[in-house]
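Novice: With the input below, show me the fold.
(chains A, B, C and D)
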4 protein chains.
Amino acid sequence: MTTEWNQLVEGLPRWLEASRAYTAQGSVAAYIPELAHAPAGALGITIMDGASGVARAGEADLPFTLQSISKVFTLLLALMDNGEDGVFAKVGMEPTGDNFNSMLKLELVDPGIPFNPLINAGAIAISSLIHGATPAEKTERILAFFRELAGDHSLACNEDVYRSETQTAHRNRSLAYFLKANGVLDADVEEVLEVYFKHCSIEANCRQLARMALVLAHDGTDPESGRELVPRRYVRIAKSFMITCGMYNESGAFAIRVGLPAKSGVSGGILALVPGRYGIGVVGPALNAKGNSTAGVHLLQTLSAEFDWSIF
Amino acid sequence: MTTEWNQLVEGLPRWLEASRAYTAQGSVAAYIPELAHAPAGALGITIMDGASGVARAGEADLPFTLQSISKVFTLLLALMDNGEDGVFAKVGMEPTGDNFNSMLKLELVDPGIPFNPLINAGAIAISSLIHGATPAEKTERILAFFRELAGDHSLACNEDVYRSETQTAHRNRSLAYFLKANGVLDADVEEVLEVYFKHCSIEANCRQLARMALVLAHDGTDPESGRELVPRRYVRIAKSFMITCGMYNESGAFAIRVGLPAKSGVSGGILALVPGRYGIGVVGPALNAKGNSTAGVHLLQTLSAEFDWSIF
Amino acid sequence: MTTEWNQLVEGLPRWLEASRAYTAQGSVAAYIPELAHAPAGALGITIMDGASGVARAGEADLPFTLQSISKVFTLLLALMDNGEDGVFAKVGMEPTGDNFNSMLKLELVDPGIPFNPLINAGAIAISSLIHGATPAEKTERILAFFRELAGDHSLACNEDVYRSETQTAHRNRSLAYFLKANGVLDADVEEVLEVYFKHCSIEANCRQLARMALVLAHDGTDPESGRELVPRRYVRIAKSFMITCGMYNESGAFAIRVGLPAKSGVSGGILALVPGRYGIGVVGPALNAKGNSTAGVHLLQTLSAEFDWSIF
Amino acid sequence: MTTEWNQLVEGLPRWLEASRAYTAQGSVAAYIPELAHAPAGALGITIMDGASGVARAGEADLPFTLQSISKVFTLLLALMDNGEDGVFAKVGMEPTGDNFNSMLKLELVDPGIPFNPLINAGAIAISSLIHGATPAEKTERILAFFRELAGDHSLACNEDVYRSETQTAHRNRSLAYFLKANGVLDADVEEVLEVYFKHCSIEANCRQLARMALVLAHDGTDPESGRELVPRRYVRIAKSFMITCGMYNESGAFAIRVGLPAKSGVSGGILALVPGRYGIGVVGPALNAKGNSTAGVHLLQTLSAEFDWSIF
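Specialist: Take a look at the predicted model:
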């Protein structure tokens, strides 16, 4: 074990508790009723290295739904299903500067395709590209892919959250019909949304998240079996998007302050990775105004500064 | 008969033929497949006075669907059903400067209610306010109201156009779900859209349109029976909207050049009125870039200039 | 004298005092330091008919700068100087739905000319069209024209307000350079702004305002001399704009509630007219969020309802 | 020498000529008259390593003005002059998704500060933060800083381009006054613009650009003297911005396809770096629609793929 890993294992509970204070500056997402039940003061983290080392602290066992974090992995599956040309005919590669559910650029910028696959509009378009004869089959393929990356076949969709989302997410339905009008979606809108809401509702804990991140940190290779789960080229694309668009419209600040590829979700989860080294899963349901976990971002900033992890 | 009326009856065929040349500068709406079949070179007009006088020229018998013209009358029915406070809690009173199907202001301006009842977003909100237990009952009440104003109980919905609209109008569906997300629609979105697409698909000819306009020209009173069909206060509101927002985002130019309360539809119809005097129905399916009948606008401009009809 | 006029003269002080309560719901404009000194509780009105009748109440002698009200009259002078084609090559005819100093549509809508002559961008473009070899000469011509309409050769620019505006109005400077970049302004930006700020700073009281309005109410004819001061065609254009764009982005509501051609300024002045009959000048420096005099709008609404003045 | 360096030196002319074909797909910037004279078919590159190695090909001696490339270095100087808090009180850290000269977000997003220091609005704000009693003194300090990084004291401003810019860049003037109105600029607008246009007009060739990039590649240290020219922390900030916002609104695509910190200018220059290894200067005046050198981007993409340089 390296000295860094020892320091990390030893120091993690202390740094976590120092960051926990920042939960008080955020508030739990309320737009989906089911999310509002999450414990506002919670903060948990799991870090995995490629040699089976696991460091953890806080409420690392707290289950939470992946929400937008799932978008990184449906992008990867869509790339594996359709290739780059197939995917980038339907979504762009640029950050938007707008809110994650904004429709402004779909109306204002020609062609009216989503700017990138990590905003809601883009992730809905990506959901439509997953291969499968029915929404159920697509969802099964996504779940199988996520389970393989997480190294845990118990990963499953939280059906309460799914129902809650599908009944209340009128703004996403609006986005999807706009995409349909713009010719971005070939499939039936409700079928695409079923797939989208399902993968957003897949539930994980910090360890499972860290394991998914670890595969990306190792360029798509399963750290245990050595098997390639995702082509390296597609992992590179995903990591680029995680830097430029992974933390909603706070991605630029996160790049400067933390400097790691990461993706957050409104459930308070953050997946991050130290390239070539660690996979990280964080959960802290209290969010800032941009939709990112206040304490989670603070904890990652502390660790990145302490160990000089920034890729920049 | 007045001298003006005689001149009008006599001159109308000549002015119409002079305006027909402008059909070549426009093109028939293509966004709903059924509309694309309309004859591009057609132009027709009917003018009615309050004393049973009817002047007509060109293809005045050509049937066309009311499309956006219906929005003036659903607004009136919604006012009669809910009063001003009920209606203006859900839609504003201002022109937008944007396209009729734009969603920009719903996202950018707080509160996110439609700026006025004549853009698509506003008209969908208005559809949700029509009283009735079911979409079918609401549609029946709308149809009954329109028939009464048109003085013609044969007025009916064109089911082919309705089906065409309901299957292809994803942008309107997107608008409706955005309104739902913003809390503007209480009812089920698909039920609201059924009512909306139905009233847009009601079919009329120039005479029926002129008759509906004539009631507005006489402040809501049936010119034959003398019975009040619409309270004068609501007619005043409708006429104000027709001046400020009636001709899409060409309403300001139409106010300057023609100066009459009017409402156009993408089928090429225009309803206009000379207050206290005439009701006018025009049809010319070839549209300009703003969505108004090129030849129809030209013909109204000619008549307004000739007889000094502008209210300004 | 008509019965209406007698009722008006008699009732005006009472209606004014009832409306004065609404001054408490607004606040005096702060963006130009000099405007902030205006008395927040003041309310005054003068109404003139064509037969030398003058009705007045409240602080009708309070001097105030015309601000945006001047834009109606520079538009008229620009039309007289350049004709319609010359003017409408540089400004459009449509309401914007945006704030009076917005630059959004200059960037988003092609061609990038101001939507209408009554928003700031449009009025700056209009200022550049006034004939004259120098800014001073243009300003003199404007002043002479305004004096003629006001029937008062003492009308003058308030130099303190002018200096205050020219030093602080960076947003207007930004607008003007955007217009220059878009090819709308041929002249030097600072010279155009000198003319613009000068005519905004012309000071008047309610009587002078009412007299200017009276000329418009009589289609451009001086009610005393019978001389045509403005061609009727241009007055019609101005009145159309006053209805569709005269009260900032509250013009639609004003059309419905009051129904008179009017133009407001951030000094709290409102010029309004009853076509063929009265010219009206109002001042009430306390403004609502849209920039219109709270009490002034209420008073006009009361009078319009009382005497059924709406043109709709 | 490494095998990679030998391959690079040897292959560079061949790769450059293969990329030169892409000059035909772009066109030389026309918005500043002086820029329009640049040779459309030119393409040059210089690569420097930290051990005095220099690889070059094509028109590497062609002088060009830095334009937006200068913004990376004025940002660094502003950080050294004001610290992070001083700088980030005036500009944000986020990509915009809009054009480099857009004003939309200044009006739409609160607070109205520029989203980042590499768009025009942000770079103008940064120019105002450079220490110095007068514009001339600020410009001298900028020039001295640039010369030190370029290791070349002959670096100078192209006065013809400067005059051309200052006379024609009305859009930048508009931006600057908008910033003044929003309270972002404390200094006089024209004085700030003098500094801004001056540093945009500094002229360099590929070797000088490569040398400036080399300092960034080595975290701020002069590769010859070993002296720290820029604190490492500030270089990290600059590199983050170069990845998220360096290539206008094509930055996301460049991150995916090339994966190197870079900054382009409308003169066709691109500064890029391989962290810890190389500084790169490219020039190719023919630009694509986003404002980036068509052939220059293609050449960097070829090299990054060939040697696996992407940081992702």
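
Novice: give me every residue that touches the spatially most central residue of chain A.
Specialist: Note on chain A: the residue nearest the mean C-alpha position is A:Ile69, at 1.5 Å, using Cα atoms, centre = their mean. Taking Cβ atoms under 8 Å, 6 or more residues apart in numbering or on different chains, we find A:Ile69 in contact with A:Leu209, A:Lys263, A:Ser264, A:Gly265, A:Gly269, A:Ile270, A:Leu271. Just so you know, the C-beta spots here come from the backbone N, C-alpha and C atoms, and that holds for glycine as well.

Novice: can you rerun that using 10 Å?
Specialist: Going by Cβ atoms under 10 Å, 6 or more residues apart in numbering or on different chains, A:Ile69 touches A:118, A:199-200, A:202, A:204, A:209, A:212-213, A:246, A:262-267, A:269-271, A:281.

Novice: In the helix or strand hosting A:Ala136, which residues are buried?
Specialist: Per DSSP states H and E, A:Ala136 falls inside helix A:135-150. The neighbour-count check on helix A:135-150 (16 or more other Cβ atoms under 10 Å in any protein chain shown) flags A:Pro135, A:Lys138, A:Thr139, A:Arg141, A:Ile142, A:Leu143, A:Phe145, A:Phe146, A:Arg147, A:Glu148, A:Leu149, A:Ala150 as buried.

Novice: With adjacent residues omitted, what lies nearest to the residue nearest to the centre of chain A?
Specialist: Spatially, and ignoring its direct neighbours in sequence, A:Ile69 is nearest to A:Gly265 (4.3 Å; Cβ to Cβ, 6 or more residues apart in numbering or on different chains).

Novice: count of residues packed around the one you found?
Specialist: 27 (other Cβ atoms under 10 Å in any protein chain shown).

Novice: Correct me if wrong: it contacts A:Gln67.
Specialist: Yes: A:Gly265 lies in contact with A:Gln67 (Cβ atoms under 10 Å); the separation is 3.3 Å.

Novice: who touches both of these two?
Specialist: Contacts common to A:Gly265 and A:Gln67, judged by Cβ under 10 Å, 6+ apart, are A:Ala29, A:Leu35, A:Cys200, A:Gly291.

Novice: what's the farthest-apart pair in the residues you listed?
Specialist: With Cβ to Cβ as the measure, no two of the shared contacts of A:Gly265 and A:Gln67 lie farther apart than A:Cys200 and A:Gly291, at 13.5 Å.

Novice: More neighbours: which of those two?
Specialist: Neighbours of A:Cys200 and A:Gly291, each counted by other Cβ under 10 Å, are more numerous for A:Cys200; the result is 30 against 22.

Novice: Looking at strand pairing, list the partners for A:Lys263.
Specialist: A:Leu271 (DSSP bridges).

Novice: Enumerate every residue touching it.
Specialist: With Cβ under 10 Å, 6+ apart, A:Lys263 has these contacts: A:66-73, A:75, A:118, A:209, A:213, A:216, A:238, A:241-242, A:245-248, A:251, A:269-273.

Novice: Grab the nearest non-local neighbour of A:Val189.
Specialist: Per Cβ to Cβ, 6+ apart, closest to A:Val189 is A:Ala176, 4.8 Å.

Novice: That neighbour contacts A:Gly122, correct?
Specialist: No: contact between A:Ala176 and A:Gly122 fails when scored by Cβ under 10 Å: they sit 11.7 Å apart.

Novice: what is in contact with these two at once?
Specialist: Joint contacts of A:Ala176 and A:Gly122 (Cβ under 10 Å, 6+ apart) are A:Val184.

Novice: Please give me every residue in contact with the residue of chain A found nearest chain C.
Specialist: Nearest residue of chain A to chain C (Cβ to the nearest Cβ) works out as A:Leu108 at 6.5 Å. Taking Cβ under 10 Å, 6+ apart, we find A:Leu108 in contact with B:Ser102, B:Leu104, C:Glu107, C:Leu108, D:Asp98, D:Leu104.

Novice: which residues in the stretch 51-200 of chain A form helices?
Specialist: In the stretch 51-200 of chain A, the helices defined using DSSP state H, counting those that start in this stretch lie at A:70-88, A:104-108, A:120-129, A:135-150, A:159-168, A:170-181, A:189-200.
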